[in-house]
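Engineer: Sharing a sequence plus its predicted fold:
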Amino acid sequence: MTRPRRPSTARLLFASSHPGPTVTVTVLATVIAVAVGHAWWTVVLVALTVVAGQLSIGLANDWIDADRDRAVGRSDKPVAQGAIAVGTVRRAAFGTAGASVVLSVLLGPVAAVAHLVLVAAGWAYDAGLKRTVWSVVPFVVAFGLLPVVAVSAGPDGDWPAWWAIATGAVFGVAIHCTNVLPDLVDDAATGVRGFPHRLGLRGAGVTAFGSLVVAALLVLGGQVLGDDPVRGAGVVLAVLGTVVVVALAGVGVRLVLAGRASRVLFRLVIASSLVLVVELGLAGARLVA
């Protein structure tokens, strides 16, 4: 009988990096970079820099939380299952962090500082802020800075529109709350009491999807009332995107009020983020201040 092949180290490391959020954040930054008209090499550099930073944050999370994940039997964590050594994940976390520093410098001064602060916020969350009432702060900081990284890359260092930064910051609240909700019981058993935990399932869920609606309205307002508002078909796309996101938020609130704390809630927020960023790219809104 043929024994099943053991997954490669690279595959196990990728599984330890929180691949869903890592890929999503990279896609968001890349689409924004395309939408502001960066040259293709700048877009590629933004994507590589952001993915390196996100890989480091995700790997650090699984390395630092290895004992806690083992204690609650996390079947989705290769480290917790003993499939890969903690030391291997730790070295990969520092290696990708180092790569993100080098790549950040190549983005230009404004984007470099923004990205280094973004990555530092993620590591601060992993290292201990996740256990405190301030757990939401790294998400607000990181997602608020993501448009700065994507827009300011390159020699000009243009600053993004204020509403793009505000949208990212508010969106960070939605991401944090919905990502934590399915783990409330496991977290309580291991002493983690962050911002969403203190609000409880329904409080955190309503806060998350309320934040999502605010983010959608900020994007809509920025597109139709900004310095260079969209016209014609752009207005239709802006309104349509907002309607879709509000509808997804409504589904999320309904699930939360019914006591459903599943990964579906996080996926609704991820889907909404992709709708908003594609809407920005297609509608042609000016993202540069």
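Structural biologist: Perfect, thanks for sending it. On a predicted model such as this, the values are computed, not experimentally measured, just so you know.
Engineer: Look up how far residue 197 lies from residue 160.
Structural biologist: As defined by Cβ to Cβ, to the nearest Å, residue 160 lies at a distance of 32 Å from residue 197. Where you see a C-beta, it was placed from the backbone N, CA and C, and this is true even at glycine.
Engineer: swap that for residue 31, please
Structural biologist: With distances taken as Cβ to Cβ, residue 31 is found 32 Å from residue 197.
Engineer: quick one, what contacts residue 272?
Structural biologist: Listed by Cβ atoms under 8 Å, 6 or more residues apart in numbering, the contact partners of residue 272 are 174, 212, 215-216, 244-245, 248-249.
Engineer: What sits closest to it if chain neighbours are left out?
Structural biologist: Nearest residue to residue 272, sequence neighbours excluded (Cβ to Cβ, 6 or more residues apart in numbering): residue 245, at 4.6 Å.
Engineer: wouldn't that neighbour be in contact with residue 212 here?
Structural biologist: Yes: in this structure residue 245 lies within contact range of residue 212 using Cβ atoms under 8 Å: 6.4 Å.
Engineer: Check which element follows the least confident helix or strand in the chain by mean pLDDT along the chain.
Structural biologist: Across the helices and strands of the chain, the lowest-confidence element by mean pLDDT, DSSP states H and E is helix 184-189, at a mean of 71. Toward the C-terminus, helix 184-189 is succeeded by helix 195-225 as the next helix or strand (DSSP states H and E).
Engineer: and the angle from whichever helix or strand comes after that next one to helix 195-225?
Structural biologist: Remark: after helix 195-225, the chain's next helix or strand is helix 233-257, criterion DSSP H and E. Inter-element angle recorded for helix 233-257 and helix 195-225: 160 degrees (by axes from the mean of the first three to the mean of the last three Cα atoms, to 10 degrees).
Engineer: the inter-axis angle of the next helix or strand after helix 233-257 versus helix 233-257?
Structural biologist: Beyond helix 233-257 in the direction of the C-terminus, DSSP H and E gives the next helix or strand as helix 263-283. If you take the same axes, to 10 degrees, helix 263-283 sits at 170 degrees to helix 233-257.
Engineer: What confidence value was assigned to residue 261?
Structural biologist: Reading off the per-residue confidence, residue 261 sits at a pLDDT of 69.
Engineer: residue contacts, the residue nearest to residue 272?
Structural biologist: By Cβ under 8 Å, 6+ apart, residue 245 lies in contact with 212-213, 215-216, 272, 275-276.
Engineer: got it, and residue 146?
Structural biologist: 25, 28-29, 32, 50, 118, 168.
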